[in-house]
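Asker: how does the following fold in three dimensions:
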Amino acid sequence: MAWGNAGNVITTNVDSASDDPSLAREDIYNAMLELQAVINGRGSASGVASLDASSLVPAAQLPNTIESSVGNNLILAPDTTRVAIQDIINLNPKTVTELNALSAIQGDVAYCSDGDAGSKCIAVYDGSAWKVVSLGSTIST
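Answerer: The predicted structure follows:
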C-alpha cells in the first residue's frame with residue numbers, strides 16, 4: 001500500500017464559502033482516499049511504522065540495517081549515556097594501512113588484522129595514533 005500523497009488533495013473547490021458544493025464532491029472524495037491511504041499505510045511497506053502499547057516501534061517493523069546519509073556518522077545517543085548491546089559486536093577487520101587512512105577521533109575502537117607486529121589486535125585511537133590492545137589467551141571455563 002502506498003503512503004498518502006498531498007499532491008492528490010485538491011482544495012480548489014473547497015477553499016471558499018462561495019464554492020459550489022457539487023464541484024467540491026470529487027475533491028473531498030479524493031482527499032478521503034488519501035486519508036485512507038495514510039490510515040492503511042500504518043505498519044505496512046512504503047507506509048509508516050506503528051507504535052505498540054509502550055509507544056515503541058515493534059521489532060518486526062525495524063530495519064536490519066541502518067545507514068547514515070552520505071558524509072554523516074550514525075549517532076546513537078541514549079538518555080542513559082550507555083548503548084547496551086545484548087549479544088556480540090562484530091567489528092569489520094581493517095589493516096593498519098586502512099586505519100591510518102581514516103579520519104579517526106579519540107576513542108575510536110577497531111579490530112586490526114595486522115596491527116600487533118603483523119598479528120591481529122584491537123586498536124584504540126588516542127587522539128594522535130592507533131594504539132594496540134593485544135589479544136591474550138584463548139577463553140576457557
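
Asker: now the strands for the protein?
Answerer: According to DSSP state E, the chain carries its strands in the segments 109-116, 119-125, 130-134.

Asker: any chance of these in a markdown table, with mean neighbour count too?
Answerer: Any C-beta I mention is one placed from the backbone N, CA and C, and that applies to glycine too. Output for those, formatted as a markdown table (neighbours: other CB atoms under 10 Å):
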| stretch | mean neighbour count |
| --- | --- |
| strand 109-116 | 18 |
| strand 119-125 | 17 |
| strand 130-134 | 14 |
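
Asker: can I get these in CSV with distance to residue 73?
Answerer: Compiled in CSV, the strands of the chain are given as follows (distance: least, CB to CB, whole Å):
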stretch, distance to residue 73
strand 109-116, 14
strand 119-125, 14
strand 130-134, 18
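
Asker: for residue 53, which of those strands is the nearest?
Answerer: Using CB to CB as the criterion, the shortest distance between residue 53 and those is 36.9 Å, found for strand 109-116.

Asker: quick check: mean pLDDT of that closest one?
Answerer: The average pLDDT for strand 109-116 rounds to 96.

Asker: export only the CA atoms of that strand, formatted as PDB.
Answerer: As requested, C-alpha coordinates have been extracted for strand 109-116 and formatted as PDB (Å, rounded to 0.1, in the frame of the first residue of the first chain):
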ATOM      1  CA  VAL A 109      38.000   1.300  18.500                       C
ATOM      2  CA  ALA A 110      38.700  -1.100  15.700                       C
ATOM      3  CA  TYR A 111      39.700  -4.700  15.000                       C
ATOM      4  CA  CYS A 112      43.000  -4.700  13.200                       C
ATOM      5  CA  SER A 113      44.000  -7.700  11.200                       C
ATOM      6  CA  ASP A 114      47.800  -6.900  11.200                       C
ATOM      7  CA  GLY A 115      48.300  -4.200  13.800                       C
ATOM      8  CA  ASP A 116      50.300  -6.000  16.500                       C
END
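
Asker: what about that strand, distance to the chain center?
Answerer: Averaging C-alpha positions (CA atoms, centre = their mean, to the nearest Å) puts strand 109-116 27 Å from its chain's average.

Asker: cool, thanks, signing off.
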